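Trainee: sequence and predicted structure below; questions after.
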Amino acid sequence: MQDVWVNGTAMMQTGRHYNLNIDEMAARVLDEALKDAGYPELDALFVASATAEQADKQQMLGAYIASRLGLDKIATYRVENADGSGGSALMAAAMAVRSGLYNCVAVVGVDKPNDVLSNQQQDIYSTATDSVYERYFGVTPAAQAALMAKMYLAKYEYKYEDLALWPVLMHKYGASNPYAYIRKQAKVEDVLDSELVSDPLRLYDVGPMADGAAAAVLCSRKGVAKVLGMWSSTNAVPFNARQEYDVLYSAREAAERAYRMAGVTPRDVATAEVHDSYSILGVLAVEALGLAPRGGLLASLRSGAEVRVNLSGGLKSRGNVMGATGVYQAVEVVWQLIGRGPFKRVDGSIGVVHSMGGVDRTSTVVVLGL
Amino acid sequence: MEHESVPLYWRNIPSYYRLVAKRCRKCGEVYYPPAVKCPKCGSAELEDFQLPHEGELVEFTVLRSVPTDFLKQKPLVIGLVKLGPVKVLGQIVDAAPEKLKAGQKMEVVFRRVVVDGKYGLVMYGYKFRPRP
């Protein structure tokens, strides 16, 4: 089996890119990542996108991105796992190199949810729930996250004010990330004053949908960071049939297996980017990754402990770039490990990416090291 | 969201109208949504199982940001209701959210769910309401 190294990375600021088509946007970022890697000979392109068909009416995105750059005679693959597409594509790309079939591949995550109106975004995002048994009745990921938040807060005897500390932390980190969608600090009062989306969750608990593209070039030859471990897991239990609503089963399983493969423990983790599409899911992800005891993260936040997770600002502040999110997270973790701007080098050599599709439907965890 | 597909609706009528779940003939476990193979014991012998139409509320939330089909009905009260051996996720109607409480008795009602504006397809299904 071949080693898998990150050779090149690139991302663009998330936001509303009305002036760019989805394939153009991806091609620009991909070219930057290829340049960063020294333009290696590419065997394949893995594309992560969740909304291309629905928001941009485009299938077979890989072929069109490749053609914008004249990347001829390469294989193109599209990986879709809703807002967890990025992690899944990253995993597929890394597997392809690890297997020895390819020597150099690129993964590009791209989505343009702002090519449709916000209610249509709800239509698209709700297709990440069970279309027949959940979406049909008006259920959205927000409603599911809200139910989990209610049950988590009740079980561990927290108040909503405790949960509000997560968005405050994300805004603090996102404020200094020039690639983030929302670059301003927030106070607990801002969170409490924001409108209810699905009680107890308020607007500040929701990662705003943002357009964006990020790319990474993975090769068997030595690069700036190495893929030490990776695993994907689905939680097959329907939302309505869950035993417990305060744990992300898919994230826990993926993390345990990825740590084992990498030969690391949560204590070795210097930085992590987790999928906080809703603040409660960020809290549960940190706990599922073993970076805080179950039910204990909000108590640490309340006591003022420094929680160095989502230095990018997370989905809350960097933005929910849907299928591109997991690729953003990987680029962010690499830049944090090597101290590439705008991120300062973290104290340690192990970083973790947690990418999740829907509300605990599927998770990918990738362990990166220097 | 445009629906257009009649079969997509029609084939799910047993679930939407009558809450038909699946029960494993071997181990007795009940699944909703219906499973194709018993996740617990692996048996492929599953039979239809009619869920009871009365149960109790596990938890609920008032959803204010809704998909386009539900704009006229917003906010939606989304609840998790225990019906016999399983929990079911769905809308709660005929209730003031501030008076709803976990653990209270609920019943299943038959209601209109979505009207497709373009083709006039009216689609129905179950919702829940507090038991009087």
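Mentor: Arrived safely.

Trainee: chain A contacts on chain B?
Mentor: With CB under 8 Å from any CB of the partner chain as the criterion, chain B meets chain A at residues B:1, B:12, B:15-16, B:31-33, B:39, B:59-71, B:73, B:76, B:78, B:80, B:86-91, B:113-114, B:123, B:125, B:127. (Glycine included, C-beta is placed from N, CA and C.)

Trainee: can we see that at 6 Å?
Mentor: Taking CB under 6 Å from any CB of the partner chain, the part of chain B that reaches chain A is made up of B:1, B:12, B:33, B:59, B:61-68, B:70, B:76, B:78, B:87-91.

Trainee: and those residues, which of them are in strands?
Mentor: B:E59, B:T61, B:V62, B:L63, B:L76, B:I78, B:K87, B:V88, B:L89, B:G90, B:Q91 (DSSP state E).

Trainee: with pLDDT, distance to A:K150 and neighbour count added, can I get those in a markdown table?
Mentor: A markdown table is the format used below for these (pLDDT from 0 to 100; distance: CB to CB, whole Å; neighbours: other CB atoms under 10 Å in any protein chain shown):
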| residue | pLDDT | distance to A:K150 | neighbour count |
| --- | --- | --- | --- |
| B:E59 | 98 | 6 | 19 |
| B:T61 | 98 | 6 | 28 |
| B:V62 | 98 | 11 | 20 |
| B:L63 | 98 | 12 | 27 |
| B:L76 | 98 | 16 | 25 |
| B:I78 | 98 | 11 | 26 |
| B:K87 | 98 | 14 | 20 |
| B:V88 | 98 | 17 | 27 |
| B:L89 | 98 | 14 | 25 |
| B:G90 | 98 | 17 | 26 |
| B:Q91 | 98 | 17 | 23 |
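
Trainee: closest one of the residues you listed to A:Y328?
Mentor: Taking CB to CB as the measure, A:Y328 sits nearest to B:L63 out of these, at 27.6 Å.

Trainee: where's that closest one relative to A:A142, distance?
Mentor: 7 Å (CB to CB, to the nearest Å).

Trainee: repeat for A:L228
Mentor: According to CB to CB, A:L228 stands 34 Å off from A:A142.

Trainee: so how far is A:F137 from whatever residue of the stretch 201-350 of chain A ends up closest to chain B?
Mentor: Residue of the stretch 201-350 of chain A nearest chain B, by CB to the nearest CB: A:N240 (4.2 Å). Here the criterion is CB to CB. By it, A:N240 lies 11 Å from A:F137.

Trainee: same check, this time on A:M25
Mentor: A:M25 sits 35 Å away from A:F137, going by CB to CB.

Trainee: try A:N7
Mentor: Distance of A:N7 to A:F137, given as CB to CB: 47 Å.

Trainee: just name the shakiest helix or strand of the chain by mean pLDDT.
Mentor: Looking at chain A here, since you left the chain open. Ranked by mean pLDDT, DSSP states H and E, the weakest helix or strand in chain A is helix A:118-126, scoring a mean of 91.

Trainee: mind listing what's buried in that one?
Mentor: Neighbour-count burial for helix A:118-126, counted by 16 or more other CB atoms under 10 Å in any protein chain shown, picks out A:Q120, A:Q121, A:Q122, A:D123, A:I124, A:Y125, A:S126.

Trainee: which among those residues are in contact with chain B?
Mentor: A:Q122, A:D123, A:S126.

Trainee: let me know whether the first one touches B:P67 as I believe.
Mentor: Yes: the pair A:Q122 / B:P67 is scored as a contact, 4.5 Å apart, by CB atoms under 6 Å.

Trainee: so residue 72, which state does it fall into?
Mentor: No chain was given, so I picked chain A. Here A:D72 is recorded as coil under DSSP: H, G, I helix; E, B strand; the rest coil.

Trainee: could you do chain B instead?
Mentor: B:K72 - assigned by three-state DSSP - is helix.

Trainee: what ranges do the helices span in the chain?
Mentor: With no chain named, the answer covers chain A. Along chain A, the segments classed as helices by DSSP state H run A:22-36, A:52-56, A:61-69, A:85-98, A:118-126, A:141-155, A:160-163, A:165-174, A:188-193, A:249-262, A:279-288, A:297-302, A:314-317, A:325-338.

Trainee: sorry, I should have been clearer: chain B.
Mentor: With DSSP H as the criterion, chain B has helices at B:6-10, B:13-18.

Trainee: tell me the buried residues in the last one?
Mentor: Translated: helix B:13-18. Applying a neighbour-count criterion of 16+ other CB under 10 Å, one finds B:S15, B:Y16 buried in helix B:13-18.

Trainee: which residues does A:V197 contact?
Mentor: Applying CB atoms under 6 Å, 6 or more residues apart in numbering or on different chains, one finds that A:V197 lies in contact with A:A142, A:L203, A:V206, B:R64, B:S65.

Trainee: apart from its chain neighbours, what residue comes closest to it?
Mentor: B:S65 (5.0 Å; CB to CB, 6 or more residues apart in numbering or on different chains).

Trainee: where does chain B have low pLDDT?
Mentor: Residue ranges of chain B with pLDDT under 70: B:1, B:3-4, B:117.

Trainee: which residue is nearest the centroid of it?
Mentor: Nearest to the geometric centre of chain B sits B:G90, at 4.6 Å (CA atoms, centre = their mean).

Trainee: now do the contacts for that residue.
Mentor: Going by CB under 6 Å, 6+ apart, B:G90 touches A:F137, B:K127, B:F128.

Trainee: ok, now with 8 Å
Mentor: Residues in contact with B:G90 (CB atoms under 8 Å, 6 or more residues apart in numbering or on different chains) are A:F137, A:V139, B:I78, B:G79, B:V81, B:G125, B:Y126, B:K127, B:F128.

Trainee: what's the answer for A:G109, then?
Mentor: A:G109 neighbours (CB under 8 Å, 6+ apart): A:47-49, A:85-86, A:89, A:212-215, A:321, A:323-328.

Trainee: can you rerun that using 6 Å?
Mentor: So A:G109 contacts A:A48, A:G86, A:A214, A:G323, A:A324, A:V327 (CB under 6 Å, 6+ apart).

Trainee: equivalent analysis for A:L370, please.
Mentor: A:A225, A:L337, A:S349.

Trainee: give me that answer again for 8 Å
Mentor: When contacts are counted by CB under 8 Å, 6+ apart, A:L370 touches A:V224, A:A225, A:K226, A:L337, A:I338, A:S349.

Trainee: dump the contacts of A:V197 into JSON lines; add neighbour count as well.
Mentor: Shown next, in JSON lines, are these (neighbours: other CB atoms under 10 Å in any protein chain shown):
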{"residue": "A:A142", "neighbour count": "25"}
{"residue": "A:L203", "neighbour count": "16"}
{"residue": "A:V206", "neighbour count": "23"}
{"residue": "B:R64", "neighbour count": "17"}
{"residue": "B:S65", "neighbour count": "22"}
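
Trainee: and these, which is closest to A:K73?
Mentor: Closest approach to A:K73 among these (CB to CB): A:V206, at 42.8 Å.

Trainee: separation between the closest one and A:R183?
Mentor: According to CB to CB, A:V206 and A:R183 sit 17 Å apart.

Trainee: that older thread, which neighbours do A:Q122 and B:P67 have in common?
Mentor: Common neighbours of A:Q122 and B:P67 (CB under 8 Å, 6+ apart) are A:T140.

Trainee: now do the same end-to-end measure for stretch B:27-36.
Mentor: Across stretch B:27-36, the terminal residues are separated by 14 Å (CA to CA, to the nearest Å).

Trainee: contacts for it next, please.
Mentor: Residues from elsewhere that reach stretch B:27-36, judged by CB under 8 Å, 6+ apart: A:130, A:132-133, A:238, A:240-241, B:15, B:19-24, B:38-41, B:43-44, B:46, B:49, B:51, B:84-86, B:88.
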